[in-house]
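Colleague: Here is a sequence together with a model predicted from it:
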Amino acid sequence: MASTGNKAEGTCAVCSKAASNRCKDCKSIFYCSREHQVQDWAAHKRTCRAIKADQERADSHTLHKAEFDRIRIKYGLDKPDKADEIADLLTKSSTGEGGVSAPAFAERFGTSLEEAVVFLEWIQVGVKFKEETLDAAKKSGLAGSTAGGNR
């Protein structure tokens, strides 16, 4: 069970009194005492673990993005000519005209194999996000424009 920690002001999840102890793991629930935290653990455990997992995924994305940016800058992959070359390479691979593997990417742009994997994985994250966002927009009727600009 998570112990209390991270002092702040809130309301106890058990008795609604002022509380300054938070769940150490998810940091989202307050307790006025250790006893109330123990009492609430069975009810809070599933939510706590889900919140903590979401936080860890967010942290992982942040680290991955930071490494992607480091690689992009180190090798000048953010320069227009390199960005265009990467876009062409990725477009050809998605249309079946070719493929892009981490070893081929590393050789072409001078990165290490590990850096190529990190770079290409982050590109995949972006593509997946774009596809999911467009799908959601289409389902809600927000994608596309109407004829003549009328809405």
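Modeller: Right, received. Where do you want to start?
Colleague: Can you identify the helix in this protein that spans the most residues?
Modeller: helix 34-74 (DSSP state H).
Colleague: If you count contacts, what does that one end up packed against?
Modeller: Helix 34-74 makes packing contacts with strand 21-23, helix 113-140 when contacts are defined by 3 or more Cβ pairs under 8 Å, 6 or more residues apart in numbering; DSSP states H and E. From N, CA and C alone the C-beta is placed, and that goes for glycine too.
Colleague: can you do 7 Å?
Modeller: helix 113-140 (3 or more Cβ pairs under 7 Å, 6 or more residues apart in numbering; DSSP states H and E).
Colleague: Find out how far the helix it packs on is from the centre of the chain, if you would.
Modeller: 11 Å (Cα atoms, centre = their mean, to the nearest Å).
Colleague: For it, buried residues please.
Modeller: For helix 113-140, a neighbour-count test (16 or more other Cβ atoms under 10 Å) marks 115-120, 122 as buried.
Colleague: One more: stretch 15-28?
Modeller: 19, 21-23, 25-27.
Colleague: cool, stretch 72-79 as well?
Modeller: For stretch 72-79, by 16+ other Cβ under 10 Å, it's 72, 75, 77.
Colleague: Repeat that for stretch 30-37.
Modeller: 30-32, 36-37.
Colleague: how long is it end to end?
Modeller: 8 Å (Cα to Cα, to the nearest Å).
Colleague: next one: it to chain centre, how far?
Modeller: Averaging C-alpha positions (Cα atoms, centre = their mean) puts stretch 30-37 32 Å from its chain's average.
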